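Peer 1: Give me coordinates for this.
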Amino acid sequence: MIPNTIAKKCSLVRGMGAAHRLACTPHQSAAQAMATYPSSKSASSSQEGFLIARVKDFAANAAAETYSAAMLQASAPFGAATARSAPSLAPRSGLAMGRCSVRASTSPRSVLGATRGMKIATARPVNDGKQVDIEFADESAYRFHTAWIKDSHPSLIGSDFYRKSAQTLFESDQYTVDTAAPSSDGSKLQVHFKNGIPSNAVTEEYVSTWLHAFAPYVGQPLNDSKAARSSNAGLPGTGSLLEDLYRNRKPWDSTLDMPRFDGQQMLKDEDMQIEFLERMMDPGVALVENIGKPDSFDHVDCGKPLEDFVAQVVGRLNQHPVRATRFGVIHTQARGEQAGADYDHKNPLSMHTDHSVYHGTPGYLQFMYQARGSVRSKVVDGLMVAEYLRKNHPEDYELLTKVNLTHSSRNNIYAKSGVYRRDARDANDAEGFTFELVHTHPVLTLDKDGLLEKVVQSETKRGVSALPFDVYDRYMQAYKRWTALLEEPRFKRSFDWPEHSMIVMNNWRILHSRAEVDPGVQRTMVFAYVMKTIYENRHRLLKQRQAERKNPDINDKWLCRLPNQILSSLVWLLSAFLPSAFARLLDAQALQSLRGAGRAQNRTKVVRKRRRFAPKSPAERLLWTLGCELWSAGRDMALAGGSVAKGDRGLGG
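Peer 2: Numbers count the residues shown, from 1 in each chain. Below you'll find the model as predicted:
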């Protein structure tokens, strides 16, 4: 998705959405394409193969160039804008598109068309070398402190990613810049530092995209009337690479198309792991199949498939205050009665979130692995029900967001050794280790911007709350309405839960209830949690790796120490999905799904119809125009591919 920072400034992102839909269409009709035009036809001649490869290369480059230009111009209002000239209505360089022709750029090809706007045009030291002025190809220009440039270079950190020495803190501001020279293609900047001692002079190289990402935050704008992006106080906080997904979550009801993943495939594919982690933010629930079979149903053995899987995909599980393992195990009713009513499969349990009694609700992601037996269950989107309450019963919503409720419990199901009391082998150990938990909080927690951050709901663990006399009746009415809404079928998403699969939920958003177990089914379910910081930082690491795979100029030392706000925009641009999606579009098989002339004419009509819309701002107009051009370019590329396969060489380039 397009980051919120761009979407807020350029509200008309539907042009890029059209390009996205075009890129995704062939996946839906690939099977039909293969039946109507087998891929072997395009491989019958080495000459044809060469020409098709050439078309695909042109097309991938064209998509990258157009997408890069659109994103750079869309970024203009919040940091890359120029006061010297208005944005053009066409890409500045690298691409020419006609109705049935594509001319490829003559420049070297790289990720996002080499992100031309982020390359360095000029650089020079100023103020006796204490600052450096850098102008980028998008005509934005900033003044950087020499001390910041020197202090931020990866050469100062070791293989452990820590700074090699604390002494550099007192040395960086002693350096001045003698020369600052961009590379011939503008992708790098060589800076020569000196501090009066010839032997201490050093030349360091910087990546242009990295400097461009930092510029609005640490630089002084030279050709823009706007202030620097960050205030004198600096960044507002830690932030997250998932911030844009969080702010653009979409509520869902009983009709949700629940995401599904293959667990064994996910272990091998970091891109799939990223997709899974992002789905945990929105829609907040997914079914992961093929987790594996436990060696036995002993407590430690049956939880091992879950623990091993989560350790590789997300990180270490949250540790229980008493339990020896990082996961819990629930067996069928006969053993459940010994553990406690809350763990009895047949005990009715209303929709709830877990960890309601823990201060701060540490369990952010919840994993529930079906080690034995297939069942059915239900989930509800707390965001959806809260939004319904806000729109239809605003007074109830306000009470649930402002008045604190208490959840509390006393637990005595574990032995002092950390095993379940039923499994204790020593009589003294079997007495149990009693502990208490209490948590006072609103049922609905809002963030500083008024967005729903967390749902904490568990009627069975609701304690004795100190509700003020004047609000008691109104609050309890609101709470009853909320609890009843959670049970309404229109909000419940029912699903089959197969053996050896795992349902994963965002425990701050998704509520669940007791699974339905058919008579005679032996069931063992394993549950565990991961904290929010573990989840967010695993996603951060995977996004860095994804960016590194797609851009040879950026490695882990350039990305690992960046604030999330800067890293977010940088890795998004380096890992943007659209060029690779177009590469998939132009696969020899997928091409066939767009070769029908009728289909192409229909798409052309859609594009022309959309062009009648009149965007308000230059940035919106550019984004809209380029989105439509990219759409029609994809159609032209597909048609050109069909012509080449049949021997027509009328391709510009």
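Peer 1: just the strands in the stretch 401-550 of the chain please.
Peer 2: 405-411, 435-441, 444-446, 452-455, 492-497, 502-506, 510-512, 524-530 (DSSP state E, counting those that start in this stretch).
Peer 1: Lys391 belongs to a strand, doesn't it?
Peer 2: No - according to DSSP: H, G, I helix; E, B strand; the rest coil, Lys391 belongs to no strand; its state is helix.
Peer 1: so what secondary structure elements neighbour the helix or strand containing Gln273?
Peer 2: If you go by DSSP states H and E, Gln273 is part of helix 270-279. Contacts defined by 3 or more C-beta pairs under 8 Å, 6 or more residues apart in numbering; DSSP states H and E place helix 270-279 against strand 260-262, helix 263-268, strand 285-289, helix 532-550. All C-beta atoms are positioned from the backbone trio N, CA, C, and that covers glycine.
Peer 1: circling back: most packed of the strands of the stretch 401-550 of the chain?
Peer 2: The highest mean neighbour count among those, using mean count of other C-beta atoms under 10 Å, belongs to strand 502-506: a mean of 25.
Peer 1: about what we covered before: export the strands of the stretch 401-550 of the chain as CSV, with columns for mean pLDDT.
Peer 2: Output for the strands of the stretch 401-550 of the chain, formatted as CSV (pLDDT from 0 to 100):
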stretch, mean pLDDT
strand 405-411, 96
strand 435-441, 96
strand 444-446, 99
strand 452-455, 99
strand 492-497, 97
strand 502-506, 99
strand 510-512, 99
strand 524-530, 97
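Peer 1: Out of these, flag the one nearest Asp396.
Peer 2: Closest approach to Asp396 among those is made by strand 444-446 (10.2 Å; C-beta to C-beta).
Peer 1: Give me the contact list for the closest one.
Peer 2: Here strand 444-446 makes contact (C-beta atoms under 8 Å, 6 or more residues apart in numbering) with 382, 386, 397, 400-401, 452-456.
Peer 1: swap in stretch 381-401?
Peer 2: With C-beta under 8 Å, 6+ apart, stretch 381-401 has contacts from 249, 251-253, 256, 283-284, 353, 442-446, 452, 455, 457, 471, 474-475, 477-479, 481-482, 485-486, 491, 493, 509-511.
Peer 1: Just those residues: which are in helices?
Peer 2: 471, 474-475, 477-479, 481-482, 485-486 (DSSP state H).
Peer 1: for Leu567, what are its contacts?
Peer 2: Leu567 makes contacts with 241, 540, 543-544, 559, as judged by C-beta under 8 Å, 6+ apart.
Peer 1: That one falls within a helix, correct?
Peer 2: Yes - assignment of Leu567 by three-state DSSP places it within a helix.
Peer 1: What distance do you get for it to Ser187?
Peer 2: 19 Å (C-beta to C-beta, to the nearest Å).
Peer 1: Repeat that for Val207.
Peer 2: Counting by C-beta to C-beta - Val207 and Ser187 are separated by 7 Å.
Peer 1: For the two, list the residues in contact with both.
Peer 2: Common neighbours of Val207 and Ser187 (C-beta under 8 Å, 6+ apart) are Asp553.
Peer 1: just so I know, which of the helices and strands packed on helix 270-279 lies nearest Ser165?
Peer 2: So among these, helix 532-550 is nearest, using C-beta to C-beta, at 24.7 Å.
Peer 1: in the closest one, what's buried?
Peer 2: For helix 532-550, burial by neighbour count (16 or more other C-beta atoms under 10 Å) applies to 532, 534-548, 550.
Peer 1: Same check on stretch 477-489?
Peer 2: 478-479, 481-483, 485-486.
Peer 1: And stretch 262-270, by the same measure?
Peer 2: In stretch 262-270, counting by 16+ other C-beta under 10 Å, buried: 263, 266-267, 270.
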